[in-house]
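Asker: Build me a model from this:
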Amino acid sequence: MLPASHPSLLLLLRGAAALGRAAAASSTAAAAASASRPTLRRGVQAAARAATAAASTSRRGKHTLVNHAGDDQWLRTHTCGQLRLADVGRSVTVCGWLQRSRVFGDDLVFTNVKDGYGSIQIRAGGSSAEQQKIAAALKAASVESVVCIKGTVAARPAEMKNQNMSTGEIEIVPSHVEILNPCAPLPFAIHSDDSLANEALRLRHRYIDLRRDVLQQTIRLRSAVASTTRQVLQDSHGFFEVETPTLFKRSPGGAAEFLVPTREAGKFYALVQSPQQYKQLLMVGGIDRYYQFARCYRDEGGRMDRQPEFTQVDIEMSFTTQKQIQDVVEEILVAIWKKHMNTDVPRPFPRMSFATAMSKYGVDKPDTRYEMTISDVSSTLSSCKADFLRPVEGRSVHALCVKQGALMHNNRDQKELKRVTQELGTNVATATISEDGSWRSALTKHLTATEMNALAAALDAKPGDMIVLCAGQSASVLPVLGKLRPHFATTMETHHGQKLRDPHKFNFLWVEDFPLFEWNAELGKLVATHHCFTAPKPGHEVYLENEPEKALGQHYDIVLNGVELGGGSVRNHNADMQLYILEHVLKEKKEVFSQIIEGLQYGAPPHGGIALGFDRLMMILTSAGSLRDVIAFPKSFAGKELMSNSPSSVDAVDLDVYHIAVKP
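Answerer: Numbers count the residues shown, from 1 in each chain. Below is the predicted model of the structure:
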């Protein structure tokens, strides 16, 4: 693989460009295009000069705006977080947002100026008329006004040094202060130590909320993590970043799509849920290592870990295997954790089959930081006299043991457990084991001493533990226990001081061997578990004709601490197999997928890929409570953009262009 900067590749591109110019010179269109080149060339040269100027201002590993002679007076020489004790005596200019002033005595004023890089103290006042004038200007200026401060760096007295600030050993004694833009009264306090303002209010004024330190750090970290990802993909593995269209066509299955009307009556685009078909067609086109930070759209309801528009790191490779794709992803994640979390993550990541994940954890994205695994205790209770626990044909009994769970044997925790199980539409039976080994549970009326001892032994339950039992069809019981498992972990941590999930432990996990299809009772047919382009696991093609529900797919999810970071698969590159799956297994109309079916017929290489949820990745890296905390301009929980109050109504005359009328 040749990197984009390889001399041979550059010569090839230049040669192709020369041939193109020679061919174009014979046409009138080429002459017109040629006439516009000087303007284009000047624009490119200006951009190059700007890039060179920006690069020349770097120092201490950070870029600054340097106030050269003749530049406008409000350009800064340093950022607010850049100066140190070594800069004492230097004349500087800083610009930023003015913080609250503190007045000492009659004429001494202290304030801070803050920008995206830090904060620095300003000390003004004294006997001179000029200093008194500056102090008065600072006192009069409203908080968060944009100011330009010219002055001299001075060391703070020992008793006034602030070890909590990177600039805490120094301050600026101003010689000139200019209010570049006064700030109107703020709708909420930005840097208050009190509780945050209402989220809806902060989203309404997100441009103000972005000045908070945590959001400043998050947005900058997001950029740095994106840069690390690009370095691994481009520099280490020769990937090419390619942009694909956002406007596509309606596709069946998956999440609901946003439709975009056109001026042609009854014709609509759909915003892409992901660039799935485009990236596969890039493989057909010979762009054999593709990636992009893709914008994706899904018309879904509000959730803490969902947004109607989001970003994913989209990756596709030709002539590859599942392991090779996983290796690239592992290298990206290990590099991110090393550089930005100062944490070494061991490789290779563990692998777990879908079947194991469901049987042990009840979910396909298990948090493996704590045990509390599910066990099938059907054989232990095979002779149980209680009908609701006796395993019969089609029913099984599963259980989990909560270590020290007897702490939850109180009204508050039991009421909460009842509420959660009611929401899940089921019932569970619980038993706590006392210090003398006896059981505290209504189950003692239905189980013999032998059965209770056998059950405790099967679950390794000890005095102080709690046993949770659930009976029914495995497909229903396992997900219930899978949802109760994190509920118990949260209760034990929040109410009883138990530490089950170490926030500094990062358990990456590959979940593999998913069923290729699953039954959708609402639609009354099989649907793709991942998506319809996933290839069957080798040897499982034989199930497609008569037993498709038995087929496993080459689908893999990357999971971290119970959160799915992304999912991918090896794709169907054979047009006949892809067409058979669409028409005969999934009962989809082939016309909807005509572009991908046709593309696969023209020499499609074997290929596969993955998509990583970039917003979700940032949510974990920053320990944020919501995706809204890692996106510069997010939508609200209800999917609204509160700054512009959108979505908004559109005049009928505008709708007429698109042949649309709103129902009353």
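
Asker: When you work out contacts or count neighbours from here on, use the C-alpha atoms and nothing else.
Answerer: Fine.

Asker: Residue ranges in the chain under the pLDDT threshold?
Answerer: 1-74, 192-194, 253-254, 301-302 (pLDDT under 70).

Asker: Show me the longest strand that occurs in it.
Answerer: Assignment by DSSP state E gives strand 170-181 as the longest strand of the chain.

Asker: so how far is it from its chain's centroid?
Answerer: Chain-centre distance of strand 170-181: 40 Å, with Cα atoms, centre = their mean, to the nearest Å.

Asker: switch to numbering from 433
Answerer: Yes, from this point I'll number from 433; that puts the last item at strand 602-613.

Asker: helices and strands around it, which ones?
Answerer: Applying 3 or more Cα pairs under 8 Å, 6 or more residues apart in numbering; DSSP states H and E, we find strand 602-613 packed against strand 550-556, helix 561-572, strand 578-587.

Asker: would you turn these into JSON lines with mean neighbour count and distance to P780?
Answerer: Below are the helices and strands packed on strand 602-613 laid out as JSON lines (neighbours: other Cα atoms under 10 Å; distance: least, Cα to Cα, whole Å):
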{"stretch": "strand 550-556", "mean neighbour count": "23", "distance to P780": "39"}
{"stretch": "helix 561-572", "mean neighbour count": "18", "distance to P780": "58"}
{"stretch": "strand 578-587", "mean neighbour count": "21", "distance to P780": "50"}
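
Asker: Flag every buried residue along the longest strand of the chain.
Answerer: Buried residues in strand 602-613, counted by 16 or more other Cα atoms under 10 Å: I602, E603, I604, V605, P606, V609, E610, I611.

Asker: what's downstream of it, the next helix or strand?
Answerer: helix 631-636 (DSSP states H and E).

Asker: How far does that following helix sit from its chain's centre?
Answerer: 21 Å.

Asker: Likewise for stretch 854-865?
Answerer: Using Cα atoms, centre = their mean, the offset of stretch 854-865 from its chain centre is 33 Å.

Asker: still on that earlier bit, so which of the helices and strands packed on strand 602-613 is nearest R872?
Answerer: R872 lies closest to strand 550-556 among the helices and strands packed on strand 602-613, at 57.8 Å (Cα to Cα).

Asker: Just want the angle from that closest one to strand 602-613.
Answerer: If you take axes from the mean of the first three to the mean of the last three Cα atoms, to 10 degrees, strand 550-556 sits at 90 degrees to strand 602-613.

Asker: Can you list the helices and strands that strand 550-556 packs against?
Answerer: strand 540-547, helix 561-572, strand 602-613.

Asker: where's A861 relative to R822, distance?
Answerer: 13 Å (Cα to Cα, to the nearest Å).

Asker: of those two, who's got more company?
Answerer: R822 (20 against 15; other Cα atoms under 10 Å).

Asker: quick revisit: could you export the helices and strands packed on strand 602-613 as TSV, including distance to S791?
Answerer: Formatted as TSV, these follow (distance: least, Cα to Cα, whole Å):
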stretch	distance to S791
strand 550-556	50
helix 561-572	66
strand 578-587	59
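
Asker: To D1061, which of those lies closest?
Answerer: Per Cα to Cα, nearest to D1061 of the helices and strands packed on strand 602-613: strand 550-556, 20.1 Å.

Asker: Kindly export that closest one (C-alpha atoms) in PDB.
Answerer: C-alpha atoms of strand 550-556 as PDB (Å, rounded to 0.1, in the frame of the first residue of the first chain):
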ATOM      1  CA  GLY A 550      -6.500  29.000  30.200                       C
ATOM      2  CA  SER A 551      -6.800  32.000  32.500                       C
ATOM      3  CA  ILE A 552      -4.500  34.700  33.800                       C
ATOM      4  CA  GLN A 553      -4.800  37.200  36.500                       C
ATOM      5  CA  ILE A 554      -4.800  41.000  35.800                       C
ATOM      6  CA  ARG A 555      -3.800  43.400  38.600                       C
ATOM      7  CA  ALA A 556      -4.700  47.000  38.100                       C
END
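
Asker: between it and helix 561-572, how big is the angle?
Answerer: Using the same axes, to 10 degrees: strand 550-556 against helix 561-572 is 130 degrees.

Asker: could you check the angle strand 578-587 makes with strand 550-556?
Answerer: 80 degrees.

Asker: how far off strand 540-547 does strand 550-556 point, in degrees?
Answerer: Using the same axes, to 10 degrees: strand 550-556 against strand 540-547 is 160 degrees.

Asker: Can you tell me which of the buried residues of strand 602-613 lies closest to K770?
Answerer: Nearest member of the buried residues of strand 602-613 to K770, counting by Cα to Cα, is I602, at 32.5 Å.

Asker: For I1013, give me its contacts.
Answerer: I1013 makes contact with C964, L976, according to Cα atoms under 8 Å, 6 or more residues apart in numbering.

Asker: So it, which state does it fall into?
Answerer: At I1013 the chain is in helix, as set by DSSP: H, G, I helix; E, B strand; the rest coil.

Asker: what are the C-alpha coordinates of stretch 1061-1076, in PDB please?
Answerer: Only the C-alpha atoms of stretch 1061-1076 are listed here, as PDB (Å, rounded to 0.1, in the frame of the first residue of the first chain):
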ATOM      1  CA  ASP A1061     -22.000  16.700  26.500                       C
ATOM      2  CA  VAL A1062     -19.500  15.700  23.800                       C
ATOM      3  CA  ILE A1063     -21.100  17.400  20.700                       C
ATOM      4  CA  ALA A1064     -20.600  21.100  20.100                       C
ATOM      5  CA  PHE A1065     -24.200  21.800  19.000                       C
ATOM      6  CA  PRO A1066     -26.300  18.800  20.000                       C
ATOM      7  CA  LYS A1067     -30.100  18.300  19.700                       C
ATOM      8  CA  SER A1068     -32.200  18.200  22.800                       C
ATOM      9  CA  PHE A1069     -33.500  14.900  24.300                       C
ATOM     10  CA  ALA A1070     -36.600  15.400  22.200                       C
ATOM     11  CA  GLY A1071     -34.500  15.900  19.000                       C
ATOM     12  CA  LYS A1072     -34.900  19.700  18.800                       C
ATOM     13  CA  GLU A1073     -32.300  22.300  18.000                       C
ATOM     14  CA  LEU A1074     -33.200  24.900  20.700                       C
ATOM     15  CA  MET A1075     -30.900  27.700  19.500                       C
ATOM     16  CA  SER A1076     -32.800  28.100  16.300                       C
END
